[in-house]
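Got a predicted structure plus its sequence, pasted below:
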Amino acid sequence: MAAKRKSKGAYMISAVAEMYDIHPQTLRLYEREGLLTPSRTEGNTRLYTDEDIERLEFILNLARDLGVNIAGIGIILQMRERMEEMNRQMHSFVEYVRTEMFTHISQAGQESRSAMVPLRRPVIVPKPPHAGRKS
């Protein structure tokens, strides 16, 4: 679904409903079901941010184009959020391992240069071709 936004900011429920050709009650239903969580003004007016609009576009794609019902949309959104969290954790873990690896490599390099007896790399000697055969 193409974005119909013209600027950054917050949108009132009537503007969002008009932009996406949906009834404001549908937006309220999505909020009641926990699919959308617009912010509120002091006067309790719903304001939809660009992130809310992106999420709404995803919801409408699921509902209109793929025929997913509200319960299914909720499950898909939860799974999507869990996957994003797992992805963040995985990136964090990979960065931790990378940092630790470089720290250990640099420490090992400094130790081998300052050692009284230089450390040599192990030499792998291949087995002769006849070593494993029985005659």
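Yep, that arrived. Numbers count the residues shown, from 1 in each chain.

ok, the residue nearest to the spatial centre of the chain to Met90 distance?
What sits nearest the mean C-alpha location of the chain, by Cα atoms, centre = their mean, is Glu84, with 2.7 Å. Counting by Cβ to Cβ, to the nearest Å, the gap between Glu84 and Met90 amounts to 11 Å. (Each C-beta comes from the backbone N, C-alpha and C, glycine too.)

Next: Ser39.
30 Å.

count of neighbours near Glu31?
Per other Cβ atoms under 10 Å, the neighbour tally for Glu31 reads 16.

Can you tell me the SS state at it?
helix (DSSP: H, G, I helix; E, B strand; the rest coil).

right, and it touches Leu47 too?
No. Glu31 is beyond contact range of Leu47, at 12.0 Å (criterion: Cβ atoms under 8 Å).

Pull up the overlap in contacts between those two.
Pro38 (Cβ atoms under 8 Å, 6 or more residues apart in numbering).
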